[in-house]
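[1] Predicted coordinates and the sequence they were generated for:
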Amino acid sequence: MPGRFSVALPVVSRERIEETLAARWGLRGTFVPLNGERDLNFRVLVRGQPEGRSRVFKICNASEDASMLECQEQVLARMAALDGLEFPRVVPTVDGESRATIRTDDGGLHLCRLTSWVDGRLFSGVNPRGATLHRSLGQCIARVDQALQDFRHPALERRMPWDLCRAVEVLEAYRLPDTDPGREDLIAGFTTLYRDRVLTVSDTLRRGAIHNDANDNNILIGLPAGTNERVCGLIDFGDILYGWLVSDVAIACAYAMLDNDNPLDIAADIVAGYHEQHPLLPEEVGVVFPLACIRLCLSVCIAFHHQIVEPENSYLGIGTMSSWRMLEILSEVPPDYPTQLFRDRCGLRI
């Protein structure tokens, strides 16, 4: 089974969080809860500083180890060199450490970390979105992948449910109940498409360190409101792994298509933006559509099982209905059409 992780969020009192921030980072302030799949996250409004100098305090899930946090810290250090894009930066403790530990209410010891707050509006809340913005998204993802091109770390070789390379294995492990045969058939159809169009060419797909979670709540658009033309940053490197390079652009397409009348046109602009910055191989362009579809399949199936374990965590179900609706729409698309559209938008000979 591909690394089922615990989704039970750590339980920590506000008093203990305040004590840890004061003792380890010398900070005091107020806390605003943030969404998280498996970690406990807060925006910290630091006392005596303007709102733009906020911090993000993360208390890691029990399954997270120091090696993965070290990997993420090295990645964020690389991201800091990318001009024109903003990413979280690690805020060291008063002792110069990149992370600390905090004891949860049940006595467990969890890793925790403080990072800078990145200003911007979430992609999920921005409307309207035009072709320029979608191309900007593709370019942003491409620049991240380029910056990680030669990055290696042992923690990247992880087994986790969000790894598109293991999609068939994951979907088998997170099967839906037999009570909804229509949705089971939908998943089965996209799994067949994935087997036929992705696994048959997997040896030709480039691999590398990838962000692996460019969903619409991790993409930031520039301020002020009304400036809807450019992606200004990317957050949450918690799902980073070593996988197919093309997975990143496919994941961005999957979430950007949700709740839109022209999903493939949107995806084509994202692919074209990526290709302009970091040219895709013809084989990679050919797997974007099935990979985007299989990502949405993973999203709905994993969410179903995680909500059983953690029903109070509303974040686990974000976008589920939208994903099902989009899967129904995409199931009607002739499988060769998206590749033709993407290649044409990229200026590639068909």
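    Perfect, thanks for sending it. Please read all numbers here as calculations on a predicted model, not as lab measurements.
[2] pLDDT below threshold where in this structure?
    Applying pLDDT under 70 to the chain flags the ranges 1-7, 51-52, 225-228, 309-318, 350.
[3] Have a look at it and report its longest helix.
    helix 288-309 (DSSP state H).
[4] After it, which helix or strand is next?
    The helix or strand immediately downstream of helix 288-309 is helix 320-330, counting by DSSP states H and E.
[5] Can you name the residues in contact with that next one?
    183, 186, 190, 257-259, 263, 289, 293, 296-297, 299-300, 303-304 (Cβ atoms under 8 Å, 6 or more residues apart in numbering). (Glycine included, C-beta is placed from N, CA and C.)
[6] Return the distance of the helix or strand containing Gly138 from the chain's centre.
    Applying DSSP H and E as the criterion places Gly138 in helix 131-147. On the basis of Cα atoms, centre = their mean, to the nearest Å, helix 131-147 sits 14 Å off its chain's mean C-alpha point.
[7] Now which of the contacts of helix 320-330 would you call buried?
    183, 186, 190, 257-258, 263, 289, 293, 296-297, 299-300, 303-304 (16 or more other Cβ atoms under 10 Å).
[8] what's the farthest-apart pair in those?
    Phe289 and Phe304 (23.6 Å; Cβ to Cβ).
[9] from memory Arg38 sits against Leu9, does it?
    Yes: applying Cβ atoms under 8 Å, one finds Arg38 in contact with Leu9, separated by 7.0 Å.
[10] which residues do these two both contact?
    Asn61.
[11] can you give me the strands for this protein?
    29-34, 40-46, 55-59, 100-103, 109-116, 121-122, 207-210, 219-221, 231-234, 241-244 (DSSP state E).
[12] Arg159: how many residues sit nearby?
    Using other Cβ atoms under 10 Å, Arg159 has 14 neighbouring residues.
[13] same deal with Gly347?
    9.
[14] Over to it: give its phi and psi.
    Main-chain dihedrals, Gly347, degrees, to the nearest 10: phi 80, psi 20.
[15] who touches it in this structure?
    Neighbouring residues of Gly347 by Cβ under 8 Å, 6+ apart: Ala272.
[16] Excluding chain neighbours, give the residue nearest to Val126 in space.
    Ile221 (5.0 Å; Cβ to Cβ, 6 or more residues apart in numbering).
[17] try Ser13
    Closest to Ser13 by Cβ to Cβ, 6+ apart is Asp105, at 6.0 Å.
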